[in-house]
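Visitor: Pasting a predicted model and its sequence here:
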Amino acid sequence: IDVLLHPSLREGVPRAIIEAMSRGCPVIATDVGATAELLEPSDLIPSRSVPAIVAALPGATSTEWQAARARANWTKAHRYDRDTLGKERRAFWEGFARYAQTNRTECR
């Protein structure tokens, strides 16, 4: 696949986009849900805008753009892998537990 075009109207966590990014695939997607956290602003198009989709396609055929986005997407997607997120979650909950221990109050 050369480019994933993902013109979604609604997204929560855009798993298809994360999966494509994790395989080094360039992505153009609508600016809905958490998509804006994943992609560069230049790779986002307004939702429900057919003219924006049409305008984005010629640039997506550039091999230079595809190679640059593939590298950037692959790198960014790996911030969301199980091991990385597990370490961040564990660090958060350990910090929370330390905070709770030092700021404990008695319930009556």
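Guide: Right, received. Where do you want to start?

Visitor: Walking through this structure, point out its strands one by one.
Guide: For the chain, the strands defined by DSSP state E cover 4-6, 27-30, 44-45.

Visitor: Make TSV out of those strands and add mean neighbour count, distance to Gln66 and mean pLDDT.
Guide: All C-beta spots, glycine's among them, are computed from the backbone N, C-alpha and C. Shown next, in TSV, are the strands of the chain (neighbours: other CB atoms under 10 Å; distance: least, CB to CB, whole Å; pLDDT from 0 to 100):
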stretch	mean neighbour count	distance to Gln66	mean pLDDT
strand 4-6	17	11	95
strand 27-30	24	11	96
strand 44-45	20	17	95
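
Visitor: closest one to Asp83 among these?
Guide: Of all those, it is strand 27-30 that lies closest to Asp83, at 22.7 Å by CB to CB.

Visitor: Check which helices and strands that closest one sits against.
Guide: strand 4-6, helix 15-22, strand 44-45, helix 50-60 (3 or more CB pairs under 8 Å, 6 or more residues apart in numbering; DSSP states H and E).

Visitor: any chance of the strands of the chain in a markdown table, plus distance to Trp74?
Guide: Output for these, formatted as a markdown table (distance: least, CB to CB, whole Å):
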| stretch | distance to Trp74 |
| --- | --- |
| strand 4-6 | 13 |
| strand 27-30 | 11 |
| strand 44-45 | 18 |
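
Visitor: For Thr102, find the nearest of the ones you listed.
Guide: Closest to Thr102 of those is strand 44-45 (CB to CB; 42.4 Å).

Visitor: Perfect, I'm done here.
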